[in-house]
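Enquirer: Dropping a prediction and its sequence here:
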Protein chains: 2
Amino acid sequence: MRYELYYWPCIQGRGEFVRLALEDAGADYVDVARRPARAGSGVPAVMRWLNGDKNGDKVACPPFAPPYLRVHGGRQLIAQTANILLFLGPRLGLVPKAEGSRLWAHQLQLTIADWVAEVHDAHHPIGGALYYEEQKREARRRAANFTAVRLPKYLGYFEQLIARNPGWKGGLVGRATSYVDLSMFQMIAGLRHAFPRAMARLESKHPGLIALHAKVSQRPRIAVYLASRRRIAFNQSGIFRHYPELDA
Amino acid sequence: MRYELYYWPCIQGRGEFVRLALEDAGADYVDVARRPARAGSGVPAVMRWLNGDKNGDKVACPPFAPPYLRVHGGRQLIAQTANILLFLGPRLGLVPKAEGSRLWAHQLQLTIADWVAEVHDAHHPIGGALYYEEQKREARRRAANFTAVRLPKYLGYFEQLIARNPGWKGGLVGRATSYVDLSMFQMIAGLRHAFPRAMARLESKHPGLIALHAKVSQRPRIAVYLASRRRIAFNQSGIFRHYPELDA
């Protein structure tokens, strides 16, 4: 099965959680917006489905925002990062089979999604359509609250889950690496990039998550991916941004 | 099947999206925290599962936050509002059967969840653990951005979905009322309460959503519920709060 991922081509962003799952599974996929626009791909292809109502396309299920996924040749566009992973998980062998385990994995992915939104809002507390420079003062306050209160809360929650997992002590769900583990790798990597000082203070209390990050980074296909040009570097347009003034 | 809903007893909050589905289906459920604490219920019951690690309970799947649901006698606690509805939808007959339709309904519910978070952050842009009065200045800026930019974007998105729905023109998903329609009722009701001036400006452009709200409110079990004491009134502790200064 061939998958088409529609997401912004210059950032990791929310699309990266999907890319990591596709890469780890060795799935056949196209990162549509990273192909030349003249071949019907590129950013215009992302915008075309988003604005289906404006150019006459009959899209019954238009996404509100990227990322979204299409099975090649299929008619449905599946959006919302956690929903895409809910769909892909069983197909890529990245989640246990039982319904209860799938709901649990999805529940954790949704909690990660909430966390991601809070990381974003740490530098954009007033509005996503405004520049960071237009909300620097508010960002300083929100980021201080994030690193002091919210970041330890999320890290502590997920850390205890590794210890409690009845399947094994190496990951968050079941007995083998799941898409939730891949997403947790991305969280730790991103938080280290964005908040190096806060993370330096917190890492020793969360050895399970740090070990999970290291283990995922060494998975053969992930290691190849991270060293490839397909892995976009963290930058100041993505979700995980390093502003020293927000990491006091 | 009997369900136990764990959520704060004095607000509608995120739990209300679950309550509406249970009520509309005439499900057998207990709103645990609204029963007396001395009977093993009340807020302590909510906190007990949340803090399972602190008092020796062996909860393999502890929730990060309420609401969460338990099937009476079951061991799994299902958290994250949209995840609860993903679980309940087929069991309550509030979503079509095909996998594609369920993913689509869930995708919309997740978009509503994002919207709810933005409504919340309009009055709490710095941190949920701080009082509104401690972030009034920032709230004024964020709420202005919300009512000018984000609110029309969300309303416009969902309005076109009603017109595009190939199943019928009365609701968002498939051919019959779904849990997404019940949630949209709650969004319109809450937005009218919190931002009456902004909504007065916007409603005429979104006749489909306004008609959907009216239709849901007249569903027999929903009408009974809304008139009952089980329906908590909007108040200044919930998500939808009316601060005139945030609705300029």
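Expert: Arrived safely.
Enquirer: Which residues does stretch A:234-241 contact?
Expert: A:10-14, A:116, A:119-120, A:123, A:132, A:189-191, A:193-194, A:242 (CB atoms under 8 Å, 6 or more residues apart in numbering or on different chains). Where you see a C-beta, it was placed from the backbone N, CA and C, and this is true even at glycine.
Enquirer: Buried members of those into PyMOL, please.
Expert: A single PyMOL command suffices to select whichever of those are buried according to 16 or more other CB atoms under 10 Å in any protein chain shown:
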select buried, chain A and resi 11+12+13+14+116+119+120+123+189+190+191+193+194+242
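Enquirer: Nearest to B:Arg230 among the contacts of stretch A:234-241?
Expert: A:Val116 (34.4 Å; CB to CB).
Enquirer: Would the helix or strand encompassing the closest one count as contacting chain B?
Expert: Using DSSP states H and E, the element containing A:Val116 is helix A:99-123. Yes - when contact is scored as CB under 8 Å from any CB of the partner chain, part of helix A:99-123 falls within range of chain B: A:Gly100, A:Leu103, A:Trp104, A:His106, A:Gln107, A:Leu110, A:Thr111, A:Asp114, A:Ala117, A:Asp121.
Enquirer: out of those, which are buried?
Expert: By 16+ other CB under 10 Å, the residues of helix A:99-123 next to chain B give A:Leu103, A:Trp104, A:His106, A:Gln107, A:Leu110, A:Thr111, A:Asp114, A:Ala117, A:Asp121 as buried.
Enquirer: Please list all residues in contact with A:Pro144.
Expert: Quick fix: residue A:144 is Ala, not Pro. Taking CB under 8 Å, 6+ apart, we find A:Ala144 in contact with A:Ala248.
Enquirer: quick check, it in a strand?
Expert: No - using DSSP: H, G, I helix; E, B strand; the rest coil, the assignment for A:Ala144 is helix, not a strand.
Enquirer: Adding pLDDT, write the buried ones among the residues of helix A:99-123 next to chain B out as a markdown table.
Expert: Converted to a markdown table, these look like this (pLDDT from 0 to 100):
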| residue | pLDDT |
| --- | --- |
| A:Leu103 | 97 |
| A:Trp104 | 97 |
| A:His106 | 98 |
| A:Gln107 | 98 |
| A:Leu110 | 98 |
| A:Thr111 | 98 |
| A:Asp114 | 98 |
| A:Ala117 | 98 |
| A:Asp121 | 98 |
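Enquirer: quick one: the strands in chain A?
Expert: Ranges of strands in chain A, per DSSP state E, are A:2-6, A:28-31, A:68-71, A:77-79.
Enquirer: Direction included, what does the second one pair against?
Expert: Pointing back at strand A:28-31 there. For strand A:28-31, the paired strands and their directions (DSSP bridges) read strand A:2-6 (parallel).
Enquirer: Show me the shaky parts of chain A.
Expert: A:51-58 (pLDDT under 70).
Enquirer: Tell me which stretches of it form helices.
Expert: Using DSSP state H, the helices of chain A run over A:15-24, A:42-50, A:81-92, A:99-123, A:136-145, A:151-164, A:179-194, A:196-202, A:207-217, A:220-227.
Enquirer: Same list (these) but as TSV, adding distance to A:Pro36.
Expert: TSV is the format used below for these (distance: least, CB to CB, whole Å):
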stretch	distance to A:Pro36
helix A:15-24	18
helix A:42-50	6
helix A:81-92	24
helix A:99-123	29
helix A:136-145	36
helix A:151-164	39
helix A:179-194	27
helix A:196-202	36
helix A:207-217	31
helix A:220-227	22
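Enquirer: For B:Met184, find the nearest of those.
Expert: B:Met184 lies closest, by CB to CB, to one member of these: helix A:81-92, at 17.8 Å.
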